[in-house]
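> Sequence first, then the predicted structure, then my questions.
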Amino acid sequence: MDYQVVSVKQALSMPVGSAIEARGWARSRRDSKGITFIEINDGSRFKGLQLVVEAGAVPAETLEAVTTGSCIAARGQVTESPAAGQPVELKVEQIHVYGSADPAHYPLQKKGHTMEFLREIAHLRARSNTFGAVFRVRNALAFAVHQFFHERDFLYVHTPIITTSDAEGAGAMFHVSTLEPGQFPKTETGEPDWSQDFFEKAAYLTVSGQLEAEALALAFSKVYTFGPTFRAENSNTPRHLAEFWMIEPEMAFYDLKDNMQLAEDFLKYIIAYVMEHCEEDLAFFNQRIEPTVLQTLEHVANSSFEHITYTEAVNLLQKANRTWEFTPEWGCDLQTEHERYLSEELFKKPVIVTDYPKIIKAFYMRLNEDDRTVRAMDVLVPRVGEIIGGSQREERLDVLRARLVETGLPEEAYWWYLDLRRFGSAPHSGFGLGFERMMMYLTGMKNIRDVIPFPRTPGSAEF
């Protein structure tokens, strides 16, 4: 007999009577009155396929090897299932065991596991219900990002992973060197002699592809990057990673208003796409992880975003009848408690805050006429707070040079960035969205280490 090889996702929608072969990893096994029930899953969807093995259908030694965690192929006939919640099951005629799993040592048994424990077995946790759902959503979200920009004629560009400039001016960067630790050459003044290193100057892992994306936007008009970025901050919090992915569009001829509209359209698009294509996974998150996930996502997808200035935001926060952990004052950055109050309680929808004080924002943001604020924007959403940060970029050479001096950054390191203002400068804007932060928002997962396959954090680079 010919058996059609199908995924578990396909098997669950096959007509009764179909002869199929399904492959996957055993999630559970239950023996009852001459019948063995095995659930397998290959990651293609949340729900697994139930295999029904009647006594004598397969050799006893083969069936004995089918334990939780083992990898198998099962052949048989698709039949109607009497069990609730599954339309069909597979009546097994043959089983092949690709790889067994010793039940005494396999760590993913059919019981609840803490997130902390699962992080210790990140090489296996993708086989669990929770992380299977997380990484299917991650896949759908990545596809939605590319599709959104492709439909709007953006050019996808790859910006450097290794850089000699700090886009944020924060200094928390990973050094890249081929020189041996402890044998680093020094200059006569005792400073590191970078001239003897591979790049002949100090090099780092990038914190952002923005500056290089600006150069490409001033040739192709609309571009975006989607790649890994790195921060050497010693932050052991549920919201920080040392290695994460960023989505950064840059657009020539866009002012701050255009930038805000693109950010709103982008958020609504990717949320709607994931809600349409990951319905089963999101239902799990809504049931088991965060009961407001679906409600919040639907609300954001259907809301028109509120627009207020930073100054207005501070005034509203100061008038609020509540005690703050961080007192809102003009000139201080908004904290998560402030951002969530504005989006969750005051406006009850996403809010875009603009025109922040220049003293708390990066040098490249366009200076307003008041010489106190810049054309920055932060998109705040319920349950999370800030999810997108961006600005109109400073296109005026003299103002940009003055801002570099004002923020204490060396002009010579940004010579090429200044050249963009010398040769055919144009108004332009852009923003950044942390991919893992967006994943937390979509899934309701509480720790950013649980929305990336192998998290990199202080003291941890396992796997």
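That came through, no problem. Numbering: from 1, shown residues only.
> Could you look up the SS state of Gln392?
Classification of Gln392 by DSSP: H, G, I helix; E, B strand; the rest coil places it in strand.
> doesn't Gln86 make contact with Glu80?
No - between Glu80 and Gln86 there is no contact under Cβ atoms under 8 Å: 9.8 Å. (Each C-beta comes from the backbone N, C-alpha and C, glycine too.)
> For the helix or strand hosting Gly227, which strands pair with it and how are they oriented?
Element membership for Gly227, per DSSP states H and E: strand 222-230. Here strand 222-230 is paired, per DSSP bridges, with strand 155-156 (parallel), strand 243-252 (antiparallel).
> which helices and strands sit right next to whatever helix or strand comes next after the first one?
When you say that, I think you mean strand 155-156. Counting by DSSP H and E, the next helix or strand C-terminal to strand 155-156 is strand 162-163. Contacts defined by 3 or more Cβ pairs under 8 Å, 6 or more residues apart in numbering; DSSP states H and E place strand 162-163 against strand 204-205.
> what are the ranges of the helices in the stretch 1-150 of the chain?
For the stretch 1-150 of the chain, the helices defined by DSSP state H, counting those that start in this stretch cover 8-11, 60-64, 115-120, 129-151.
> Phe199: which of those helices is closest?
Phe199 lies closest to helix 129-151 among those, at 30.7 Å (Cβ to Cβ).
> before we move on, back to that, adding mean neighbour count, write the helices of the stretch 1-150 of the chain out as a markdown table.
Shown next, in a markdown table, are those (neighbours: other Cβ atoms under 10 Å):
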| stretch | mean neighbour count |
| --- | --- |
| helix 8-11 | 20 |
| helix 60-64 | 12 |
| helix 115-120 | 14 |
| helix 129-151 | 19 |
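> Would you reformat these as JSON lines and include distance to Arg288 and mean pLDDT?
Rendered in JSON lines, the data for the helices of the stretch 1-150 of the chain read as follows (distance: least, Cβ to Cβ, whole Å; pLDDT from 0 to 100):
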{"stretch": "helix 8-11", "distance to Arg288": "20", "mean pLDDT": "97"}
{"stretch": "helix 60-64", "distance to Arg288": "32", "mean pLDDT": "96"}
{"stretch": "helix 115-120", "distance to Arg288": "12", "mean pLDDT": "96"}
{"stretch": "helix 129-151", "distance to Arg288": "7", "mean pLDDT": "98"}
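> is it possible to export those to CSV including distance to His105?
Listed next are the helices of the stretch 1-150 of the chain as CSV, based on distance: least, Cβ to Cβ, whole Å:
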stretch, distance to His105
helix 8-11, 25
helix 60-64, 17
helix 115-120, 14
helix 129-151, 20
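> Among those, which comes closest to Ile359?
Shortest distance between Ile359 and the helices of the stretch 1-150 of the chain, using Cβ to Cβ, is found for helix 129-151: 32.5 Å.
> So what's the gap between that closest one and the chain middle?
The gap between where helix 129-151 is centred and where its chain is centred comes out at 9 Å by Cα atoms, centre = their mean, to the nearest Å.
> Go ahead and name everything in contact with it.
With contacts defined as Cβ atoms under 8 Å, 6 or more residues apart in numbering, helix 129-151 is touched by 41, 43, 45-46, 118, 125-126, 156, 224, 226, 247, 249, 265-266, 269-270, 273-274, 277-278, 281-282, 284-285, 288-289, 435, 438-439, 442-443, 445, 450-453.
> Of those residues, just the buried ones, ChimeraX syntax please.
Filtering the contacts of helix 129-151 down to the buried ones (16 or more other Cβ atoms under 10 Å) takes a single ChimeraX command:
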select :41,43,45,46,118,125,224,226,247,249,266,269,270,273,274,277,278,281,282,284,285,289,435,438,439,442,443,445,450,451,452
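> Which of the contacts of helix 129-151 fall in strands?
Among these, the residues falling in strands (DSSP state E) are Asn41, Tyr156, Tyr224, Phe226, Ile247, Pro249.
> quick one: contacts for the fourth one?
Okay, so that is Phe226. Ala142, Val145, His146, Tyr156, Trp245, Met246, Ile247, Glu248, Phe435.
> who are the neighbours of the longest strand along the chain, in terms of helices and strands?
In the chain, with assignment by DSSP E, the single longest strand is strand 19-32. Helices and strands touching strand 19-32, by 3+ Cβ pairs under 8 Å, 6+ apart, are strand 4-6, helix 8-11, strand 35-41, strand 49-54, strand 71-80, strand 88-99.
> any idea of the mean pLDDT for that strand?
Averaged across strand 19-32, pLDDT comes to 96.
> Okay, now the sheet partners of it, with direction.
By DSSP bridges, strand 19-32 pairs with strand 4-6 (parallel), strand 35-41 (antiparallel), strand 71-80 (antiparallel).
> Need the contact partners of stretch 396-413.
Outside stretch 396-413, the residues within contact range by Cβ under 8 Å, 6+ apart are 164-166, 169, 358, 362-364, 366-367, 394, 414, 417-418, 421-422, 425.
> Restricting to C-alpha, output it in PDB.
Extracted in PDB, the C-alpha atoms of stretch 396-413 (Å, rounded to 0.1, in the frame of the first residue of the first chain):
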ATOM      1  CA  ARG A 396      21.000  70.000   8.600                       C
ATOM      2  CA  LEU A 397      24.800  69.700   8.600                       C
ATOM      3  CA  ASP A 398      25.500  72.600  11.000                       C
ATOM      4  CA  VAL A 399      22.800  71.500  13.500                       C
ATOM      5  CA  LEU A 400      24.000  67.900  13.400                       C
ATOM      6  CA  ARG A 401      27.600  68.800  13.900                       C
ATOM      7  CA  ALA A 402      26.600  71.000  16.900                       C
ATOM      8  CA  ARG A 403      24.600  68.200  18.400                       C
ATOM      9  CA  LEU A 404      27.600  65.800  18.200                       C
ATOM     10  CA  VAL A 405      29.700  68.300  20.000                       C
ATOM     11  CA  GLU A 406      27.000  68.900  22.600                       C
ATOM     12  CA  THR A 407      26.600  65.200  23.300                       C
ATOM     13  CA  GLY A 408      30.400  64.700  23.500                       C
ATOM     14  CA  LEU A 409      30.700  62.300  20.500                       C
ATOM     15  CA  PRO A 410      33.800  62.500  18.300                       C
ATOM     16  CA  GLU A 411      33.000  64.200  15.000                       C
ATOM     17  CA  GLU A 412      35.700  62.200  13.200                       C
ATOM     18  CA  ALA A 413      34.000  58.900  13.900                       C
END
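> I'd like the distance from that stretch to the chain centre, please.
Counting by Cα atoms, centre = their mean, stretch 396-413 comes out at 32 Å from the chain centroid.
> do stretch 220-230 as well
The answer for stretch 220-230 is 15 Å, by Cα atoms, centre = their mean.
> Going by neighbour count, list what's buried in that stretch.
Neighbour-count burial for stretch 220-230 flags Ser221, Lys222, Val223, Tyr224, Thr225, Phe226, Gly227, Thr229, Phe230 (criterion: 16+ other Cβ under 10 Å).
> From Phe266, how far off is the residue lying closest to Lys222 once chain neighbours are set aside?
Closest residue to Lys222 apart from its sequence neighbours, by Cβ to Cβ, 6 or more residues apart in numbering: Phe154 at 4.5 Å. Look at Phe154 and Phe266: by Cβ to Cβ, to the nearest Å, they are 11 Å apart.
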